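S.K.: Build me a model:
(chains A and B)
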Number of protein chains: 2
Amino acid sequence: MEKKISDKVINRLTLYHCILSDYINKEIEFISSKQIAQLLNIDDSQVRKDINLLNNSGKNRVGYIVKELKISIEKTLGFKKKKKAFIIGTGNLGTAIANYGNFKDYGLNILALFDNDPMKVGKVINNMKIQEISKLPDLAKSEDVDIAILTVPAQFAQSTADFLVRANIKYIWNFAPVVLSVPSDVQVWNENLMGNFLQFTYDI
Amino acid sequence: MEKKISDKVINRLTLYHCILSDYINKEIEFISSKQIAQLLNIDDSQVRKDINLLNNSGKNRVGYIVKELKISIEKTLGFKKKKKAFIIGTGNLGTAIANYGNFKDYGLNILALFDNDPMKVGKVINNMKIQEISKLPDLAKSEDVDIAILTVPAQFAQSTADFLVRANIKYIWNFAPVVLSVPSDVQVWNENLMGNFLQFTYDI
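M.R.: Sure thing, here's the model as predicted:
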């Protein structure tokens, strides 16, 4: 049976993965738990504990083998499992996410962008054409997409979420600073930027 | 002595605050822990526990008094404490954050935007003029700013962070998908979007 990995561990493993990609770019072969810990300002015993959760065998007295550790993280976190998603709202935030670049490496495949602004429909961002929002339900069905990245302005977030729910979207990654009301079979992840800022600067 | 509030609680309190603002807009006077819990798909005992951490007295048998609970959260999380920050990088992400709107309500005062692109310098976003990045150190000193919101492309993130450290910036809110190497007296908050996505969709 697979172990369930906690949210905090998933978050840290993604950051380790980021460091490992950088090491590979720099052609460095080994990395120690101490090096990872120092970059993230955490305890190296924590790093070792997290890595012990992986099926990672590539370790010797110099440290972990960078390439193998990277693959272990990818296997554990399911990077190979492709997940299809739509971006709803192509203002600055939606455009930024569409251009974020390395989402595909993590299994996130953004199939299409949607907007209700006729001036934007037809434009191309990162090789994806912006489509009229009314076309979403059919495309969600034909392409079997149930993840939506919601980047519309706050005042349109709830009505857009209602529309997505009717189109059978089951996962809403919400970037609008609004708590959405959705049926219990729909999952919402609130990208709570202000909460993060307040956490980060709480001690200032 | 003040209680130290955990990151998870701060994050939830910010979401409660978001719900309360919405209730105020709708002119609803009372809210129950159950209503909050349902919107966030969490347990209502958790909501009550969090609220018990606040100095909140506005409660009767109908529920919490929306306005008072909102003020209690603001006091506890220090919304009134103004924190000055810069945005570095005015691509789509930096522009989105500059326009995010309600940051000021949370005490985040973005004083200036910076870019190194001469085509962008001088343009105005949300009443803030984009300035040449070389002007940052002087302005950080004269305005006593030590928070930077880093929204440059990944390949420039480390060199920009080095520059910010030399300008005496002590808090870097990092949106680039890169783990930054900084001295130990500088705090970094990694806005780890891919980690969040992987957490959100882990069970799919």
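
S.K.: quick check: longest strand of chain A.
M.R.: strand A:108-115 (DSSP state E).

S.K.: and chain A, what are its domains?
M.R.: Per the record, chain A has its domains at A:7-77, A:83-196, by automatic domain parsing.

S.K.: Which one of those lies nearest to B:Val152?
M.R.: Among these, the nearest to B:Val152 by C-beta to C-beta is domain A:83-196 (12.0 Å). All C-beta atoms are positioned from the backbone trio N, CA, C, and that covers glycine.

S.K.: Quickly check: that closest one near chain B or not.
M.R.: Yes: counting by C-beta under 8 Å from any C-beta of the partner chain, contacts between domain A:83-196 and chain B involve A:83, A:91-93, A:95-97, A:99-103, A:106, A:108, A:147, A:154, A:171, A:173, A:177-181, A:184, A:187-196.

S.K.: surely A:Val188 meets A:Ala176?
M.R.: No: the pair A:Val188 and A:Ala176 fails to qualify as a contact (C-beta atoms under 8 Å) at a distance of 10.7 Å.

S.K.: Which one of those two is surrounded by more residues?
M.R.: Neighbour tally, A:Val188 and A:Ala176, criterion other C-beta atoms under 10 Å in any protein chain shown: the higher count belongs to A:Ala176, 24 against 18.

S.K.: if we can go back for a sec, pairing partners for the longest strand of chain A, with directions?
M.R.: Applying DSSP bridges to the sheet, strand A:108-115 is found paired with strand A:83-88 (parallel), strand A:128-132 (parallel).

S.K.: if you average pLDDT over the shortest one, what comes out?
M.R.: This means strand A:128-132. In this model, strand A:128-132 has a mean pLDDT of 95.

S.K.: what's that strand in contact with?
M.R.: Contact with strand A:128-132 is made by A:90, A:98, A:110-116, A:118, A:120-124, A:139, as judged by C-beta atoms under 8 Å, 6 or more residues apart in numbering or on different chains.

S.K.: now with 6 Å?
M.R.: Here strand A:128-132 makes contact (C-beta atoms under 6 Å, 6 or more residues apart in numbering or on different chains) with A:Thr90, A:Ala112, A:Leu113, A:Phe114, A:Asp115, A:Lys120, A:Val121, A:Lys123.

S.K.: Find the nearest non-adjacent residue to the fifth one, please.
M.R.: Read that as A:Asp115. Leaving aside its sequence neighbours, A:Asp115 sits nearest to A:Thr90 (C-beta to C-beta, 6 or more residues apart in numbering or on different chains; 4.5 Å).

S.K.: That neighbour and B:Lys4: what is the separation?
M.R.: Noted for A:Thr90: a distance of 41 Å to B:Lys4, by C-beta to C-beta, to the nearest Å.

S.K.: Looking at those two, which one has more neighbours?
M.R.: Remark: of A:Thr90 and B:Lys4, A:Thr90 carries more neighbours, 25 against 8, as counted by other C-beta under 10 Å.

S.K.: so the more buried one touches A:Leu113, yeah?
M.R.: Yes: counting by C-beta atoms under 6 Å, A:Thr90 touches A:Leu113, with 5.2 Å between them.

S.K.: and the next element down the chain from the helix-or-strand element of chain A with minimal mean pLDDT?
M.R.: Within chain A, no helix or strand scores below strand A:59-60, which has a mean of 76 by mean pLDDT, DSSP states H and E. Using DSSP states H and E, the next helix or strand after strand A:59-60 towards the C-terminus is strand A:63-65.

S.K.: contacting residues around that next one?
M.R.: Contacts for strand A:63-65 (C-beta under 6 Å, 6+ apart): A:Phe30, A:Ile31, A:Ser32, A:Gly58.

S.K.: again, but for stretch A:189-203
M.R.: Here stretch A:189-203 has contacts from A:173-175, B:7, B:10-11, B:14, B:77, B:83, B:106, B:108, B:189, B:200, using C-beta under 6 Å, 6+ apart.

S.K.: And stretch A:17-31, by the same measure?
M.R.: A:Ile36, A:Leu39, A:Val62, A:Gly63, A:Tyr64, A:Val66, A:Leu69, A:Lys70, A:Ile73, B:Val179.
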